[in-house]
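# next input, structure requested:
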Amino acid sequence: MIGIWQSASQTYLLGLCIVTTAVFALPITFAPLRWARLMRWRIPEHTDLAVYFGRCLGCFILIVEALMLRAALAGTAIVPTFEILVAIFAGMVLLHVVGAIQRIQPWTETAEIGLYSLLLALTLGFFPVAA
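Residues are numbered from 1 along each chain as shown. Now for the predicted structure:
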């Protein structure tokens with residue numbers, strides 16, 4: 001059963017990427033409350049929406065943690081793991097800068113601009129490159 005359609009794996013990934021980007025990633029990133037309303041959350045009555053988004057984010061963080069642990073212990077996929085971390089930290093810097101400019105986040109979130117900038121710089125400094 002596993003891999004029975006492996007010859008089309010790249011096509012599958014492309015299609016999955018297009019659909020999930022359009023339906024989930026872009027709307028949740030740029031219009032989370034509008035997306036939530038489309039998904040039938042009642043805003044602002046459904047305060048569980050914050051819990052839902054937090055759990056979703058937490059799951060993705062745990063996936064990244066597992067990738068880092070595997071790369072650190074076994075050296076498996078170390079370059080892609082660093083690429084993912086660079087993308088995450090750069091995105092988090094941008095996200096927190098936008099939130100600061102819009103004045104829609106507490107000062108603690110604005111302070112994280114420095115944290116994510118430092119993590120981005122460290123990750124780039126430790127990035128494994130071929131000799």
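
# any idea how far the most centrally placed residue in the chain is from A130?
Note on the chain: the residue nearest the mean C-alpha position is I88, at 5.9 Å, using CA atoms, centre = their mean. Distance of I88 to A130, given as CB to CB, to the nearest Å: 23 Å. Bear in mind the C-beta positions are built from the backbone N, C-alpha and C, glycine included.

# from the chain's centre, how far out does the lengthiest helix in the chain sit?
In the chain, assigned by DSSP state H, the helix with the most residues is helix 48-74. How far helix 48-74 lies from its chain's middle: 9 Å, per CA atoms, centre = their mean, to the nearest Å.

# residues of that helix that come out buried?
Applying a neighbour-count criterion of 16 or more other CB atoms under 10 Å, the buried positions in helix 48-74 are L49, L67, A71.

# mean confidence (pLDDT) on stretch 121-131, please.
The average pLDDT within stretch 121-131 is 90.
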